[in-house]
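Colleague: any chance you can model this:
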Amino acid sequence: MDQPKRILVVDDDEMNRRLLTTILGRLGYEVDEAFDGINALERVAANPPEVILLDIDMPRMNGFEVARRLKDSDETKIIPIVAISSSSEVESRIKAFEVGADDFLSKPVDQTELRARVQSLLKVKAYNDHMLSHQLILEREVEKRTEQLRTAYEDLKSASLKIKQGTLDTIFRLAQAAEYKDMETGSHIKRIGYYAAAVSRSMSLPAQDVDTVLYAAPMHDIGKIGIPDRILLKRASLDSDEWEVMKQHTLIGGKILSGSDTAVLKMAEQIALTHHEKWDGSGYPKGLKGDQIPLWGRITSVADVFDALTSDRPYKQAIPIDESIEIMKKGRGVYFDPDVTDTFFSIMDQIATIRTECVDEPAQPITESQSN
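Modeller: Sure thing, here's the model as predicted:
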């Protein structure tokens, strides 16, 4: 069985309160009383009613101020208020509505009119309660779905990161397999990727491109897999014919990486083909000059030469970083893109950190006798 609706009667005149309480009680409502405005606010705070019948002319705090405060509060603004006054002046009615009253009755209150106004406002209150409840349900559902989406996004981001890490690891391993026969430092190809990404980031290139070059640059020498061991593993200097064969690793790498629709392999193809081109046009395989050389080839060229200079090789010891920088400065604008070179030098703290963090035990190269 439904509980009777609660009505709060606010009037400083006891006889008026008793009259309204009696009428409303006979209509089946539960009635609470407040003897002035301050008492009314206390009653509402303690136990909010469904409708408030509010006398306008009261001491301490009049009905206008009570209505204004109730309508300014999120907790009580949906409670319908019927302003009641002995004044029938239009100004009084207008002011009551301005402060938030939902209806107006003049004293003496007509019983039939009172019943009609209260029933109408109870329907309004029921509708507002329903909408508020519906809104809260929707807000909770939105919060729930938002949390589900956030969790799904985090899971997807985590899975994507693992895939990217796995892909990069696979690329490193495949590139290392291609270079294994003449590789002196197992982390060489990793450093090339990290150097190239650091330079690209410092040049304010798009984040997607920075990610892509991190994956693509390690494949710069993948074409060495097609170079005969007698040339690749030769300890002495190569003669002119052998050097022409060695140069072919750029074309072989480009061919291996060609024909893919993926951004990584497309960039890797460019890098494999052009990382030995030189700014002045004296490089190979095509003798490209200046901006004819793709940016990714220019970036990888600087990274590759720096790593070669600062790494131990069977035929030489590593050159100190300071000396290597001086050597490369002589190649600025001759062998290397000036802007790329300047950017590389400007982030030497990052470069040094990569060298420190990306070091492993030297890998022993396979000899010609072992490979035969």
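Colleague: where in the stretch 1-150 of the chain is pLDDT low?
Modeller: Low-confidence segments of the stretch 1-150 of the chain (pLDDT under 70): 1-2, 88.
Colleague: swap the cut-off to 80 and go again
Modeller: The stretch 1-150 of the chain contains residues with pLDDT under 80 at 1-3, 87-89, 129, 132, 149.
Colleague: now the strands for it?
Modeller: Counting by DSSP state E, counting those that start in this stretch, the stretch 1-150 of the chain has strands at residues 6-10, 30-34, 51-55, 81-85, 103-106.
Colleague: pick the most deeply packed of those strands.
Modeller: Stretch with highest mean neighbour count among the strands of the stretch 1-150 of the chain: strand 51-55 (a mean of 27; mean count of other Cβ atoms under 10 Å). From N, CA and C alone the C-beta is placed, and that goes for glycine too.
Colleague: the longest helix anywhere in the chain to strand 6-10, inter-axis angle?
Modeller: In the chain, assigned by DSSP state H, the helix with the most residues is helix 111-179. If you take axes from the mean of the first three to the mean of the last three Cα atoms, to 10 degrees, helix 111-179 sits at 120 degrees to strand 6-10.
Colleague: and helix 111-179, what does it pack against?
Modeller: Applying 3 or more Cβ pairs under 8 Å, 6 or more residues apart in numbering; DSSP states H and E, we find helix 111-179 packed against helix 14-26, strand 51-55, strand 81-85, strand 103-106, helix 188-202, helix 207-216.
Colleague: recalculate using a threshold of 7 Å.
Modeller: strand 51-55, strand 103-106, helix 188-202, helix 207-216 (3 or more Cβ pairs under 7 Å, 6 or more residues apart in numbering; DSSP states H and E).
Colleague: quick one: the longest one to helix 207-216, angle?
Modeller: Think helix 188-202. Going by the same axes, to 10 degrees, helix 188-202 makes 170 degrees with helix 207-216.
Colleague: and helix 188-202, how far out from the chain's middle?
Modeller: 24 Å (Cα atoms, centre = their mean, to the nearest Å).
Colleague: what's the mean pLDDT across that helix?
Modeller: Average pLDDT, helix 188-202: 93.
Colleague: residue contacts, residue 209?
Modeller: residue 200 (Cβ atoms under 7 Å, 6 or more residues apart in numbering).
Colleague: kindly recompute the last result at 10 Å.
Modeller: 197, 200-201, 203, 216, 263, 267, 295-296 (Cβ atoms under 10 Å, 6 or more residues apart in numbering).
Colleague: most neighbours among those, which one?
Modeller: Counting neighbours by other Cβ atoms under 10 Å, residue 216 comes out on top of these with 29 neighbours.
Colleague: closest to residue 342 out of the strands of the stretch 1-150 of the chain?
Modeller: Among the strands of the stretch 1-150 of the chain, strand 81-85 comes nearest to residue 342, with 74.2 Å by Cβ to Cβ.
Colleague: quick one: low-confidence ranges for the stretch 151-300 of the chain?
Modeller: 152-153, 155-187, 233-235.
Colleague: if we use 70, what do you get?
Modeller: 160, 163-186.
Colleague: returning to what we had before: could I get the helices and strands packed on helix 111-179 as a markdown table with distance to residue 346?
Modeller: Shown next, in a markdown table, are the helices and strands packed on helix 111-179 (distance: least, Cβ to Cβ, whole Å):
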| stretch | distance to residue 346 |
| --- | --- |
| strand 51-55 | 72 |
| strand 103-106 | 75 |
| helix 188-202 | 7 |
| helix 207-216 | 16 |
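Colleague: for residue 344, find the nearest of those.
Modeller: Of those, nearest to residue 344 by Cβ to Cβ is helix 188-202, at 5.5 Å.
Colleague: by contact count, what packs against that closest one?
Modeller: Secondary-structure packing of helix 188-202 (3 or more Cβ pairs under 10 Å, 6 or more residues apart in numbering; DSSP states H and E): helix 111-179, helix 207-216, helix 263-274, helix 295-309, helix 338-346, helix 348-357.
Colleague: the first one to helix 14-26, inter-axis angle?
Modeller: When you say that, I think you mean helix 111-179. 70 degrees.
Colleague: coming back round to it: and the longest helix of the chain, how far out from the chain middle?
Modeller: The answer for helix 111-179 is 16 Å, by Cα atoms, centre = their mean.
Colleague: quick one: it to helix 263-274, angle?
Modeller: Put simply, helix 111-179 runs at 30 degrees to helix 263-274, going by the same axes, to 10 degrees.
Colleague: for the nearest residue to residue 14 once chain neighbours are set aside, give me its contacts.
Modeller: Computed as Cβ to Cβ, 6 or more residues apart in numbering, the closest residue to residue 14 that is not its neighbour in sequence is residue 35, at 7.6 Å. Residues counted as contacts of residue 35 (Cβ under 10 Å, 6+ apart) are 9-14, 17, 43, 58-60.
Colleague: most neighbours among those, which one?
Modeller: residue 10 leads these on contacts (other Cβ under 10 Å) with 28 neighbours.
Colleague: any idea how far residue 245 is from that one?
Modeller: Residue 10 sits at a distance of 103 Å from residue 245 (criterion: Cβ to Cβ, to the nearest Å).
Colleague: so residue 280 lies in a strand, does it not?
Modeller: No: applying DSSP: H, G, I helix; E, B strand; the rest coil, one finds residue 280 to be coil, outside a strand.
Colleague: I figured it was touching residue 292, is that so?
Modeller: No: in terms of Cβ atoms under 10 Å, residue 280 does not count as a neighbour of residue 292; the distance is 11.5 Å.
Colleague: about what we covered before: for residue 159, which of the helices and strands packed on helix 111-179 is the nearest?
Modeller: Once those are compared by Cβ to Cβ, helix 207-216 is nearest, at 16.2 Å.
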